[in-house]
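Student: Dropping a prediction and its sequence here:
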Amino acid sequence: MSQSIDYGKLMHRAMRSLIQEVLTDVRETGLPGAHHFFITFDTTYPDAQLADWLRERYPAEMTVVMQHWFDNLEVTDEGFSVTLNFGDAPENLYIPYDSIQTFVDPSVEFGLRFESLEDDDEESTGTAAEVTSIEVPESDPDEEKQEAEVVSLDSFRK
């Protein structure tokens with residue numbers, strides 16, 4: 001039994017689950033209103049799948065946009081696949097949740113950022129991650145735009 005609760009890992013798992021739930025809803029009902037996503041992922045992640053020409057163009061990370069046109073969205077427990085249009089060339093991508101670095105929905109100023117950290121626990125099967133969540137409540141259109149609040153979990157770590 002572990003001697004401490006690994007809140008970082010628990011948050012990591014919960015935020016990945018949130019992405020899965022959002023994408024499952026989008027698959028079933030489409031994107032509501034002005035919602036759209038910017039998803040940045042690690043193209044070197046072992047299970048990430050993308051066309052060779054995309055991997056050459058984006059050797060480390062890539063940001064995709066799910067907004068006006070996307071097709072064949074499939075969501076699993078490990079990741080999702082989607083066909084996106086790159087200059088009139090549809091390409092299928094498979095993005096594992098563990099490869100995601102940021103997930104942002106700018107229409108509601110919501111975002112998640114995952115930062116990999118060294119994992120000291122040898123029994124662990126995954127990489128520990130810091131999860132930073134950014135959320136700004138709707139503001140009055142007459143007021144100045146507010147900065148997003150960033151909450152870091154580092155202050156809670158030993």
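Tutor: That came through, no problem.
Student: okay, CA-based contacts and neighbour counts for the rest of this
Tutor: Noted.
Student: In the chain, which residue is most central in space?
Tutor: For the chain, the residue nearest the mean C-alpha position is residue 103 (3.4 Å; Cα atoms, centre = their mean).
Student: so how far is residue 53 from that one?
Tutor: Shown here: residue 103 relative to residue 53, a distance of 23 Å by Cα to Cα, to the nearest Å.
Student: do the same with residue 98
Tutor: Taking Cα to Cα as the criterion, residue 98 is separated from residue 53 by 22 Å.
Student: and the two? which has more neighbours close in?
Tutor: Between residue 98 and residue 53, counted using other Cα atoms under 10 Å, the more crowded position is residue 98 (21 against 9).
Student: and that one, that one's in a strand?
Tutor: No: following the definition DSSP: H, G, I helix; E, B strand; the rest coil, residue 98 is helix and is not counted among the residues of a strand.
Student: where in the protein is pLDDT low?
Tutor: Segments of the chain classed as low confidence (criterion: pLDDT under 70) are 1-2, 116-158.
Student: What segments of it are helices?
Tutor: Shown for the chain, the helices assigned by DSSP state H span residues 7-29, 52-57.
Student: In space, what's closest to residue 77 - neighbours in sequence excluded?
Tutor: Excluding the flanking residues, the one nearest residue 77 by Cα to Cα, 6 or more residues apart in numbering is residue 20, at 7.3 Å.
Student: Hmm, residue 75 and that neighbour touching each other?
Tutor: Yes: the pair residue 20 and residue 75 qualifies as a contact (Cα atoms under 8 Å) at a distance of 6.9 Å.
Student: who has more neighbours, these two?
Tutor: Neighbour tally, residue 20 and residue 75, criterion other Cα under 10 Å: the higher count belongs to residue 75, 22 against 19.
Student: Give the closest residue to that one in space, chain neighbours not counted.
Tutor: Of all residues beyond its chain neighbours, the one nearest residue 75 is residue 24 (6.1 Å), with distances taken as Cα to Cα, 6+ apart.
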